[in-house]
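# Generate a structure from the sequence data that follows.
(2 chains)
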Amino acid sequence: MHQFLQQIFSGLAAGAVYASLALALVMIYRATDLVNFAQGEMAMFSTYIAWTLVNAGLPFWAAFVITLAVSFVGGMLIERIVIRPVESTSILTAVVVTIGLLLIFNATAGWIYSYTLQEFPSPFPDRTLFGALMTTRDVGVIAVTLVMLAALFCFFRFTATGLAMRAAAQNPESARLSGIRVGRMLALGWGFAAAIGAVAGIMVAPVLFLDPNMMGGVLLYAFTGALLGGITSPVGAVIGGLIVGVTENLVGTYLIASQLKLTVALILIILVLVLKPNGLFGTAVVRRV
Amino acid sequence: MAAILELRAVKAFYGQSEVLHGIDLVVEEGGMTVLLGANGAGKTTTLRAICGMVRSEGEILFRGHRLERCTTEQIAGFGVAHVPEGRGTFIGLTVEENLRIGGYTAGRPNEKMQLMYGYFPILAQRRRQQAGALSGGEQQMLAIARALMMSPRLLVLDEPSFGLAPRVVEAIFGIVERIKREQRVSVLLVEQNASLALEMADRAYLLETGYVVTSGSAKALADDPQIRRSYLGY
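As a prediction, this is how the structure comes out:
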């Protein structure tokens, strides 16, 4: 029983990372109907920026904040420079562009930082709590994720810009007619997604070690979480990510060799698509016919 | 009376094909102009050209601005509020959030929201509900209220009566007339219900396949025997 609870808790910590990245995927999907396959590599690149800053002697949290800001601007620039020109062409073109971005970020990181594993510092002390039930690192990751989610919720729920972003994602034409600059809102969305991804990368790097391929598996889990939650629902993405984290951990501990854990994600993707294509929260909009 | 909106030889295009072939049209300051015509005559396209949603040539003058050179967002900022076909409601957002979006650029949202709840009390009752759960008539009221949150000088309505019961249509037009008077907003209206529209409007234009075929005072068009036969049914 003790081991079971331990696994659930460390599954939640992993799930918090998947949830963050899943949320980034959903934000871009809602705004542009586009799955950003480069989301994981963008997060990986952000993590290298944080790593460089920490190695340059900056305190961890200063590096964290600077990395988020740089990622935010970087995400906006990617939308402006790379995505905007292909936005009005077919979805397939845009998807291929994001795959191209994936390769570019991966290769660039390998070129600058090499493909060797790097140790990434954890900002949290390494101790256990409640009779080894959970580690302070897991608690730290979950806490950072919760703070980020709360901040995002407040932004989208209570600010005029947050509302305008939701409006632009839901009905771009009508948003334009209301004077909302939809292009700017899309760029902001990419900025937010990049910053959220950066948080996920920085939180997972101490566990996985930093290398240009670090986020490949994480992106797959995040994608599973987003699909499970219903790809259009931010709340669904977070809950889906957490479910995937816990499932992955339990299955890896009790059922199959942990080398096969990624298969769990693929099986979950297939199950969701076959049994419940709308996911758990995919049809939240009430409509009277 | 001075014109608030004037179209001079306006052509509009979907891709390569020209669908408006040089339209001249005027909306007077504080007035109401109605566009009549069969389906496919170019009524909605005319409205979309005014709001920068289709490519157009010619001159579209609105209070010193050349709208044919501007983006939809800019045109909205100048004070043109367009309630599109299908109402453009943000169905996943609440009634109150829909209204706030209308007030996004114009400012003072709370004050104006109270004004709108005065005109449309049903919206106040439903303020926390998702807009998609409203009835058709309520959604049309919400769409008009959202447009008025922009403090527009020109309200552009595309078939506000579409799919609504006659009683509801009359109620909505009653409120539009009142708002036009009290808020000093000019109105450009596309409407299938020609008899009701001609009763309310002061100017009218009849479109056919991208051309204006008849125009004049609403009264003159209402008395035109051909229009009576084709559009009014008596």
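# residues of the helix ranked longest in chain B that come out buried?
When every helix of chain B is counted residue by residue (DSSP state H), the longest turns out to be helix B:166-183. Judged by neighbour count using 16 or more other Cβ atoms under 10 Å in any protein chain shown, the buried positions of helix B:166-183 are B:168, B:169, B:172, B:173, B:176, B:179, B:180. The way it works is simple: take the backbone N, C-alpha and C, and place the C-beta from them, glycine included.
# Redo those residues as a markdown table? Include distance to chain A and pLDDT.
Below are those laid out as a markdown table (distance: Cβ to the nearest Cβ, whole Å; pLDDT from 0 to 100):
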| residue | distance to chain A | pLDDT |
| --- | --- | --- |
| B:168 | 15 | 89 |
| B:169 | 19 | 90 |
| B:172 | 18 | 90 |
| B:173 | 21 | 90 |
| B:176 | 18 | 90 |
| B:179 | 18 | 90 |
| B:180 | 19 | 89 |
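# tell me which strands and helices the longest helix of chain B is in contact with?
Contacts defined by 3 or more Cβ pairs under 8 Å, 6 or more residues apart in numbering or on different chains; DSSP states H and E place helix B:166-183 against helix B:109-119, helix B:136-148, strand B:154-158, strand B:186-190, helix B:194-200.
# Of all the ones you listed, which one is nearest residue B:82?
strand B:154-158 (4.2 Å; Cβ to Cβ).
# Please see if the closest one touches chain A.
No. If you take Cβ under 8 Å from any Cβ of the partner chain as the test, strand B:154-158 misses chain A, and the best it gets is 9.0 Å.
# Tell me what angle that strand forms with strand B:186-190.
Angle of strand B:154-158 versus strand B:186-190, following axes from the mean of the first three to the mean of the last three Cα atoms, to 10 degrees, is 10 degrees.
# Near chain B, which residues of the stretch 101-250 of chain A are found?
Counting by Cβ under 8 Å from any Cβ, the stretch 101-250 of chain A sits next to chain B at A:160, A:163-164, A:166-167, A:170-171, A:173-182.
# again, 7 Å this time
Within reach of chain B by Cβ under 7 Å from any Cβ of the partner chain, the stretch 101-250 of chain A has these residues: A:160, A:163-164, A:166-167, A:170-171, A:173-174, A:176-181.
# low-confidence ranges in chain A?
A:258, A:283-289 (pLDDT under 70).
# Max pairwise distance over the residues of the stretch 101-250 of chain A next to chain B: which two?
Between any two of those (Cβ to Cβ), the greatest distance is 19.9 Å, for A:160 and A:173.
# residue contacts, residue A:41?
Residues in contact with residue A:41, defined by Cβ atoms under 7 Å, 6 or more residues apart in numbering or on different chains, are A:102, A:105, A:106, A:215.
# Neighbour-wise, which one of those residues leads?
Neighbour count (other Cβ atoms under 10 Å in any protein chain shown) singles out residue A:215 as the most crowded of the contacts of residue A:41, with 31 neighbours.
# tell me the contacts of it?
A:40, A:41, A:43, A:44, A:201.
# Now, of those, which are buried?
Buried among those (16+ other Cβ under 10 Å): A:40, A:41, A:43, A:44, A:201.
# next helix or strand past the helix or strand harbouring the last one?
I take that to be residue A:201. Taking DSSP states H and E as the definition, one finds residue A:201 inside helix A:182-208. As assigned by DSSP H and E, the chain's next helix or strand after helix A:182-208 is helix A:215-229.
# Any idea how far the longest helix of chain B is from the middle of the chain?
13 Å (Cα atoms, centre = their mean, to the nearest Å).
# do stretch B:127-135 as well
22 Å.
# can you tell if that stretch touches chain A?
Yes. Stretch B:127-135 comes into contact with chain A (Cβ under 7 Å from any Cβ), by way of B:130, B:132, B:133, B:135.
# I'd like the distance from the third one to residue B:92, if you could.
Plainly put, residue B:133 is 11 Å away from residue B:92 if you go by Cβ to Cβ, to the nearest Å.
# and the two? which has more neighbours close in?
Ranked by neighbour count (other Cβ under 10 Å), residue B:133 and residue B:92 place residue B:92 first, with 20 against 16.
# quick one: the more buried one is in a helix?
No. Assigned with DSSP: H, G, I helix; E, B strand; the rest coil, residue B:92 falls outside any helix and is coil.
# distance of it from chain A?
Separation of residue B:92 from chain A (Cβ to the nearest Cβ, to the nearest Å): 5 Å.
# Assign a three-state SS to residue B:19, would you?
Residue B:19 - assigned by three-state DSSP - is strand.
# Quick one: neighbours of it, just the number.
The burial count for residue B:19: 19, using other Cβ under 10 Å.
# Then the one 5 residues further on?
If you count neighbours by other Cβ under 10 Å, residue B:24 ends up with 14.
# Am I right that it sits in a strand?
Yes. Assessed by three-state DSSP, residue B:24 belongs to a strand.
# And the pLDDT at it?
Per-residue confidence at residue B:24 stands at 93 (pLDDT).
# you'd agree it is up against residue B:6?
No. The pair residue B:24 and residue B:6 does not pass the contact test of Cβ atoms under 7 Å, sitting 8.2 Å apart.
# Who's the closest spatial neighbour of residue B:141, skipping the chain neighbours?
Spatial nearest neighbour of residue B:141, excluding adjacent residues (Cβ to Cβ, 6 or more residues apart in numbering or on different chains): residue B:120 at 4.7 Å.
# What separation is there between the one you found and chain A?
Applying Cβ to the nearest Cβ to residue B:120 and chain A gives a distance of 17 Å.
# And for that residue, the neighbour number?
The burial count for residue B:120: 23, using other Cβ under 10 Å.
# and if you look at residue B:69?
For residue B:69, using other Cβ under 10 Å, the count is 11.
# ditto for residue B:206
Neighbour count for residue B:206, taken as other Cβ under 10 Å: 24.
# Could I get the contacting residues of the residue lying closest to it once chain neighbours are set aside?
Excluding its sequence neighbours, the residue lying closest to residue B:206 (Cβ to Cβ, 6+ apart) is residue B:214, at 4.2 Å. Neighbour list for residue B:214: B:206, B:221, B:224, B:227 [criterion: Cβ under 7 Å, 6+ apart].
# Appreciated, that's everything.
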